[in-house]
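Chemist: Dropping the sequence and predicted coords here.
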Amino acid sequence: MRGRSVARAGLTPDRVRDAAIELVRSVGFEELSLGTLARELGVRVPSLYNHVDNLDTLRAAVSASATNTLDEALAPAQTLEEIAHAYLAFARAEPGLYRASLRAPSVDNIAHEAAALRVLERIESALAEFPLSVDARIDAIRGLRALLHGFVELTLAGAFEMERPVEASFDGMLQNFRLGLERAKPIT
């Protein structure tokens, strides 16, 4: 993908987005810039403006794609534990895309909003076995997402270098979360 061959072949908005996704996979979402992408494609930055409005719209397109990829990774999971393990596996396999998936969708990005909604629906579906009120279900969704995100970020940062295997701690954390939901007051 590097160099003049891509530039000679011609750029399109989809090719620019796809190159940005590959760049995010290799250097991370935080490092995505028009300058870095232009160098990767073998063009100058002004050439990119023929295909993207600006860095923010490019980041939004990458985030939409990343959220869709997360949704696909979660699709086979049904239970709380399966969702959690699929989430962790996705973040470990695709740390750049994982971080890109965290960006909140803008109201005008329908594809990103739809993918984000599917992810939330998958999490909510995994929590359906617990008889929670609407408010308690929202709290559980937020709590699970926060728990998973914190665990993922600390795992990716190498912060869990202890004797106990990380997977055992992850399973123990999920077991405690499950126990908390099982002990929650049922819907009345």
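Modeler: Thanks, I have it.
Chemist: quick one: the residue lying closest to Asn54 once chain neighbours are set aside from Arg92, how far?
Modeler: Nearest non-adjacent residue to Asn54, counting by Cβ to Cβ, 6 or more residues apart in numbering: Leu34, 7.9 Å away. For every residue, glycine as well, the C-beta is placed using N, CA and C. Distance of Leu34 to Arg92, given as Cβ to Cβ, to the nearest Å: 29 Å.
Chemist: same check, this time on Leu148
Modeler: 12 Å.
Chemist: Among these two, which residue is more densely surrounded?
Modeler: Leu148 (21 against 13; other Cβ atoms under 10 Å).
Chemist: Leaving out chain neighbours, which residue sits closest to Ala104?
Modeler: Ala116 (7.6 Å).
Chemist: Can you tell me the number of residues neighbouring the one you found?
Modeler: Ala116 has 21 neighbouring residues, counting by other Cβ under 10 Å.
Chemist: One more: the one 5 residues further on?
Modeler: A count of neighbours around Glu121, defined by other Cβ under 10 Å, yields 13.
Chemist: What strand or helix carries it?
Modeler: Here Glu121 sits within helix 110-126, counting by DSSP states H and E.
Chemist: which residues touch the residue nearest to Ala104?
Modeler: Going by Cβ atoms under 8 Å, 6 or more residues apart in numbering, Ala116 touches 67, 104-105.
Chemist: Tell me which entries of the residues you listed lie within helices.
Modeler: If you go by DSSP state H, the contacts of Ala116 have Thr67 in helices.
Chemist: avg pLDDT for the host helix or strand of Arg92?
Modeler: Element membership for Arg92 (DSSP H and E) is helix 80-93. Helix 80-93 carries an average pLDDT of 97.
Chemist: returning to what we had before: of the contacts of Ala116, buried ones?
Modeler: 67, 105 (16 or more other Cβ atoms under 10 Å).
Chemist: if we take the contacts of Ala116, which one ends up nearest to Leu80?
Modeler: Proximity of these to Leu80 (Cβ to Cβ) peaks at Thr67, which lies at 20.5 Å.
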